[in-house]
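Enquirer: structure for this input, please:
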Amino acid sequence: MASPPARLAAAASNVVGKVLHGGVADLRPVPRVLVDQGPNRSLYRLTTGNGKPAPQGPPVLLVPPLAAPALCFDLRRGCSLAEHLVDGDTRTYLVDYGNVAFSDRRLGVEHWIDEVLPRAIRKVSEDSGGQGVHVVAWCLGGIFSLLTAADQPELPIDSIVTIASPFDFTAIPLIAPFRPLVDLTGGHLLTPIYRVLGGAPSAIVSRVFRATGLNKEITKPIAILKNLDDRDFLAQIEAVDHFMDNMIAYPGRTFGQLYHRFFRSNDLAEGTVDLNGRIISLTGVKAPTLVIAGQNDTIAPRAAVERVVELLENAPSVDFRTAPGGHLGVLTGRKARGTTWRYIDEFLAAQVTA
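Expert: Residues are numbered from 1 along each chain as shown. Predicted structure coming up:
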């Protein structure tokens, strides 16, 4: 532990950084090149920014969820999975859905699993010389990735990593109190609201996400004061706040499907989803899969995430791991650097040598 004078000097330097320079977090994004674009789809190849040629190894595609910005994979320098992969000489791509407008309210889950992700996956394969693609996805991105792989087995997907992706919504204590009210109203508790609003606006999404970590929000000022000498701690808080301020809306129809099919009917827990009579079964997933759950995740607790392990019965292998952190922390918290990222590195290395 540093001496009191050293801690005082560090705290003073951090205060200067926050007050005079707008913060201590390095929020510069990893350099990137746009390689493809379409409705709700901007596909980037991430680079080192120093003119170094892109690695020739198997490509990794980072898939975010809806509502959360794609910067979930690139939170800040020093705590960015994207930066970690690029620095590790991995050919890395990121799909960004952009902003969701009121005009997108009629887009459903089908748009992402029929158009956005398949096109991104094919383009990544093409851009990397026809290689198979390793998909790394967070939260709803993991659900969409597995549904896409199950529905379109011809896609060039070599493996899938899901992080904090819930498949059994009855195993989420956070939403359990709302179920009796939903049942009492015949499932129409939220229907009029999201139809009028055209979905779930970004401001509401941000407030709900913050509310899931209410204890941390309340104690944050005290934590900052206690850790004024810890630049990495302060930078992480700044980066998370920046992430929260950039939440994106849910399209109305997609939100309705998530509400009725995933939350109310809990279809995913049985391994199938009914999209207007079109049944997609997770038994169609034929790629090796790594499933990671956060040990302190209240949005996607272990039981909700682990359920998918039993459902991928035709995948060549399904590995399950847990790592410290909440819903965002398990992906890009400070401890993720030595746990979640290491699991991903080891899994990807095993697929290359298999």
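
Enquirer: pretty sure residue 33 sits in a strand.
Expert: Yes. Assessed by DSSP: H, G, I helix; E, B strand; the rest coil, residue 33 belongs to a strand.

Enquirer: tell me where the protein has strands.
Expert: Counting by DSSP state E, the chain has strands at residues 32-38, 41-46, 59-63, 91-96, 133-138, 157-163, 199-200, 250-251, 272-275, 278-281, 289-294, 318-323.

Enquirer: residue 348 against residue 134, yeah?
Expert: Yes. Shown here, residue 348 and residue 134 form a contact pair, counting by Cβ atoms under 8 Å, at 5.8 Å. C-betas here are computed from N, CA, C, even on glycine.

Enquirer: center of this protein, which residue is that?
Expert: residue 138 (2.7 Å; Cα atoms, centre = their mean).

Enquirer: which residues are in contact with that residue?
Expert: Neighbouring residues of residue 138 by Cβ atoms under 8 Å, 6 or more residues apart in numbering: 63-65, 68, 72-73, 162-165, 331.

Enquirer: cool, and residue 136?
Expert: Residue 136 neighbours (Cβ under 8 Å, 6+ apart): 60-63, 81, 161, 163, 344.

Enquirer: how about it: what's its closest non-neighbour residue?
Expert: Nearest-residue entry for residue 136: residue 161, 4.4 Å, with adjacent residues in sequence omitted and distances by Cβ to Cβ, 6 or more residues apart in numbering.

Enquirer: ok, back up a step: of the strands of the chain, which is nearest residue 222?
Expert: Comparison of the strands of the chain against residue 222 by Cβ to Cβ identifies strand 289-294 as nearest, at 23.5 Å.

Enquirer: what's the closest one in contact with?
Expert: 146, 159-165, 300-302, 305-306, 308-309, 312, 315, 317-327, 329-330, 340, 343-344, 347.

Enquirer: mind running it again at 7 Å?
Expert: Strand 289-294 is contacted from outside by 159-164, 300, 302, 305-306, 308-309, 312, 315, 318-323, 325-327, 329-330, 340, 343, 347, using Cβ atoms under 7 Å, 6 or more residues apart in numbering.

Enquirer: same question for it, mean pLDDT?
Expert: Per-residue pLDDT values over strand 289-294 give a mean of 98.

Enquirer: that one pairs with which strands, parallel or anti?
Expert: Looking at strand 289-294 with DSSP bridges, its partner strands are strand 157-163 (parallel), strand 318-323 (parallel).

Enquirer: just want the angle from that strand to strand 133-138.
Expert: 20 degrees (axes from the mean of the first three to the mean of the last three Cα atoms, to 10 degrees).

Enquirer: mind listing what residue 33 touches?
Expert: By Cβ under 7 Å, 6+ apart, the contact list for residue 33 reads 44-45, 47.

Enquirer: just to revisit the earlier point, what would the contacts of residue 138 look like in JSON lines with neighbour count and distance to residue 265?
Expert: Below are the contacts of residue 138 laid out as JSON lines (neighbours: other Cβ atoms under 10 Å; distance: Cβ to Cβ, whole Å):
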{"residue": "63", "neighbour count": "29", "distance to residue 265": "24"}
{"residue": "64", "neighbour count": "23", "distance to residue 265": "25"}
{"residue": "65", "neighbour count": "22", "distance to residue 265": "20"}
{"residue": "68", "neighbour count": "25", "distance to residue 265": "24"}
{"residue": "72", "neighbour count": "22", "distance to residue 265": "27"}
{"residue": "73", "neighbour count": "27", "distance to residue 265": "30"}
{"residue": "162", "neighbour count": "26", "distance to residue 265": "21"}
{"residue": "163", "neighbour count": "31", "distance to residue 265": "24"}
{"residue": "164", "neighbour count": "30", "distance to residue 265": "22"}
{"residue": "165", "neighbour count": "25", "distance to residue 265": "18"}
{"residue": "331", "neighbour count": "25", "distance to residue 265": "27"}
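
Enquirer: in a markdown table: those, plus distance to residue 116 and pLDDT.
Expert: What follows is the contacts of residue 138, written out as a markdown table (distance: Cβ to Cβ, whole Å; pLDDT from 0 to 100):
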| residue | distance to residue 116 | pLDDT |
| --- | --- | --- |
| 63 | 9 | 98 |
| 64 | 11 | 96 |
| 65 | 12 | 92 |
| 68 | 15 | 86 |
| 72 | 17 | 95 |
| 73 | 16 | 97 |
| 162 | 17 | 98 |
| 163 | 19 | 98 |
| 164 | 20 | 96 |
| 165 | 17 | 96 |
| 331 | 20 | 97 |
